[in-house]
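# quick one: sequence and predicted model below, then my questions.
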Amino acid sequence: MSRSRRRRGLMAALTAVLTAMAIPGFWLSAPAGHAAHPGPTAHRSADTGPAVRHDTSPTLRSMAAAHGRRPGHGDKSKKEQGRKVARLPHPPASGKRDPVVQSGSRPTPFAPATGVSFEGIGAGNYAVTKVPPDPTAAVGSSQIVETVNTAFAVYGKTGSTILAPTDTNILWSGLGGPCETTNDGDAKARWDTLANRWVITQIANVHSPSGPYYACVAVSSGEDATGGYHRYAFQYADVADYPKLAVWPDAYYVTYNVFNPAGSFLYAEACALNRTAMLAGGAATQQCFTTPSSYGGLLGADLDGQTPPPSGEPELLVGLGTTSTTLAYWKFHVDWDTPASSSFTGPSTLTVAPYTTACGGSGACVPQGETTQQLDALSDRLMYRLAYRNYGEHESLVVNHTVAAGSQAGVRWYELRLSDGNPTVHQQGTYAPDATHRWVGSIAEDKAGNIALGYSQSSSSAHPSIRYTGRLAGDTSGLMTQGEGTAITGGGSQTGSHRWGDYTSMAVDPEDDCTFWYTNEYIPSNGTYNWHTRLSSFTLPNCASA
């Protein structure tokens, strides 16, 4: 019997058992103002189970030194990184003008000034052989960890290099298996603000025609990103692609878009990893659920700041809805003592202003200067992260995605607030103040409730550049009021490939809980495999006194 048939049989049996036990998670009665789709809505995944490998590593700096960092090691062929972009389910065009477009911006004196700005991983210090880079960065007590698809580096907050760009699979040296032997990309780094630890992930063996496939997860044993790590390999029956990592008190949550080996999209999957066990370096399990095939690109609520959510609050996950006026959400309650009591409830729908995904959700439509090559807006999914903060009197989440704003791409952003555990739209807007294109945004809040939004910007007469904007808590709802700052202006356009970064990264410095760090890519001169990344900081007024 084939793996897929065995897997379907196992999942059917699990579903029957769980339904008979009346475990919550399969039907949802929506509260007032929210709608639920009828019928079974979530399935416990056969990927649920223990890590197939785990250990505690030597220091990362010693492993990197022993392997000579191997910058750009592996397949040197010039190609697009990993799997081709497969379009996810996304809503049809709204057929209406976006009613929350922000037209016009405040004068540049109101733009946040760039603080520290320095070069990250890129063609100047790493053997670039693939596109796109997909940069993220996490900020800790004294260090910054940046990742691109197949590499990571550690920096000081003034731009000093602590650990030069290194192939990501070096972190799993000695663990054995594909986490050590393959370097397949989609690396992520997060700082666990409650434990003062680093969490780094990467996928492995994704090019295998038959699997199994792996997620590689490493949790630092201390605050030094170049120290030792507790390392884990979790196994998947199908290709668990496009992972997005979120920190929550009861688990590390990772969401995936799952494909069969032939590249056909199956569903979204959400997995809870036993955070308590992993912080201690012990054996750890994961509990996973899947969505219907009409949803993809889920993001889990990702904690910023030192105040955790109320005790026992489930993880919230959000994705695009099935209509042009909705987002979809789920609640993931994990029970490590009694796994059968874990539940994944949803999808529920949250009504938002009408939107149309940019480029129709597929293809490339973002122009660049000096070339006819257009770039992919990747508008068929929410953009990383779903950043969460608990302000005491309210719980807030911010997230964004790329939409059509007239004839250009703009960034639709939301601030959601929880009411009786359910998200409501507190404010929303589409940032498209002029005729240029803005896309692949990332958004976060500081301790004062100010919001920062970073993104790529391009037009037919300008090279892609890295920009950002913001708003202050209490400003007019739905507007980015602080003008637009430029981290760096690109000197060239990407030729030969439509694959721009699949996501960017906005993080908040835990040292003051005010400083934003934004990470994105740019091109210094026309080309394909000469991308650079940039890390830039800025603050918004009045945070320090909050």
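Here it is on my side, so go on. Numbering: from 1, shown residues only.

# which stretches of the stretch 1-150 of the chain form helices?
Counting by DSSP state H, counting those that start in this stretch, the stretch 1-150 of the chain has helices at residues 3-20, 60-66.

# hey, least reliable of the ones you listed by pLDDT?
For these, the weakest mean pLDDT is recorded on helix 3-20, namely a mean of 39.

# I'd say residue 52 and residue 235 touch.
Yes - Residue 52 is within contact range of residue 235, at 4.9 Å (criterion: CB atoms under 8 Å). For glycine as for every other residue, the C-beta is placed from the backbone atoms N, C-alpha and C.

# neighbour count for these two, which is higher?
Neighbours were counted for residue 52 and for residue 235 using other CB atoms under 10 Å; residue 235 has more, 21 against 13.

# that one and residue 338, how far apart?
23 Å (CB to CB, to the nearest Å).

# residue 329 now?
Residue 329 sits 25 Å away from residue 338, going by CB to CB.

# go on, residue 291?
Residue 291 is 23 Å from residue 338, where distance means CB to CB.

# so between those two, which is more surrounded?
Neighbours were counted for residue 291 and for residue 338 using other CB under 10 Å; residue 291 has more, 26 against 7.

# which residue is nearest the centroid of this structure?
In the chain, the residue lying closest to the centroid (CA atoms, centre = their mean) is residue 384, at 3.3 Å.

# for it, which non-adjacent residue is spatially closest?
Once flanking residues are discounted, residue 384 sits nearest to residue 503: 4.2 Å by CB to CB, 6 or more residues apart in numbering.

# helix or strand for that neighbour, just tell me which one.
Using DSSP states H and E, residue 503 sits within no helix or strand.

# ok, back up a step: what touches both of residue 52 and residue 235?
Common contacts of residue 52 and residue 235 (CB atoms under 8 Å, 6 or more residues apart in numbering): residue 214.

# just the terminal-to-terminal distance for stretch 67-87.
End-to-end span of stretch 67-87 (CA to CA, to the nearest Å): 37 Å.

# so where's the protein uncertain?
Filtered on pLDDT under 70, the chain yields the residue ranges 1-42, 69-85, 361.

# 50 instead?
Along the chain, the model assigns pLDDT under 50 to residues 1-40, 73-77, 82.

# please enumerate the helices of it.
In the chain, the helices defined using DSSP state H lie at 3-20, 60-66, 178-181, 275-280.

# and the last one, what's buried?
For helix 275-280, the buried set under the neighbour-count rule, 16 or more other CB atoms under 10 Å, comprises 275, 277-279.

# next one: stretch 250-262
Those would be 250-259, 261, for stretch 250-262 by 16+ other CB under 10 Å.

# likewise for stretch 421-431?
For stretch 421-431, burial by neighbour count (16+ other CB under 10 Å) applies to 422-423, 426-431.

# centre of the chain to it, how far?
A distance of 19 Å separates the centroid of the chain from that of stretch 421-431, by CA atoms, centre = their mean, to the nearest Å.

# residue 506 pairs with what?
Taking DSSP bridges as the rule, residue 506 bridges to residue 518.

# what sits against it?
Contacts here follow CB under 8 Å, 6+ apart; on that basis residue 506 touches 385, 387, 442-444, 452-454, 516-519.

# what of residue 239?
Counting by CB under 8 Å, 6+ apart, residue 239 touches 83, 206, 211, 213, 258-261.

# as a markdown table, the residues you listed with distance to residue 96 would be great.
Putting the contacts of residue 239 into a markdown table (distance: CB to CB, whole Å) gives the following:
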| residue | distance to residue 96 |
| --- | --- |
| 83 | 34 |
| 206 | 39 |
| 211 | 43 |
| 213 | 41 |
| 258 | 33 |
| 259 | 33 |
| 260 | 36 |
| 261 | 40 |
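
# between the contacts of residue 506, which is nearest residue 464?
The nearest member of the contacts of residue 506 to residue 464, counting by CB to CB, is residue 454 at 13.1 Å.

# in the sheet, who's paired with that closest one?
Going by DSSP bridges, residue 454 forms beta bridges with residue 442, residue 468.

# cool, and residue 389?
Beta bridges link residue 389 to residue 396, judged by DSSP bridges.

# distance of it from residue 455?
Counting by CB to CB, the gap from residue 389 to residue 455 is 21 Å.

# same check, this time on residue 123
22 Å.

# compare the two and say which is more crowded by neighbours.
Taking other CB under 10 Å, residue 123 and residue 455 do not tie; residue 455 has more neighbours (29 against 18).

# how about the more buried one: what's its closest non-neighbour residue?
By the measure of CB to CB, 6+ apart, the closest residue to residue 455 outside its immediate chain neighbours is residue 441, 4.0 Å from it.

# give me the number of residues near the one you found?
28.

# residue contacts, it?
Residue 441 makes contact with 383, 400-402, 411, 413, 431, 453-455, 504 under the criterion CB under 8 Å, 6+ apart.

# how close does it get to residue 316?
20 Å.

# ditto for residue 495
Applying CB to CB, the value for residue 495 to residue 316 is 41 Å.

# and the two? Which one has more around it.
Taking neighbours as other CB under 10 Å, residue 495 and residue 316 compare with residue 316 leading, 26 against 15.

# show me what that one is bridged to.
Counting by DSSP bridges, residue 316 is bridged to residue 331.

# my read: it touches residue 333, true?
No - using CB under 8 Å, residue 316 is not in contact with residue 333, being 10.7 Å away.

# rewinding a little: which one of the contacts of residue 441 is nearest to residue 173?
Nearest to residue 173 among the contacts of residue 441: residue 504, at 28.7 Å, using CB to CB.

# these two touch, right, that closest one and residue 518?
Yes - applying CB under 8 Å as the test, residue 504 and residue 518 come out as touching, 7.2 Å apart.

# give me the more crowded residue out of these two.
Legend: neighbour count by other CB under 10 Å for residue 504 and residue 518, higher for residue 518 (29 against 26).
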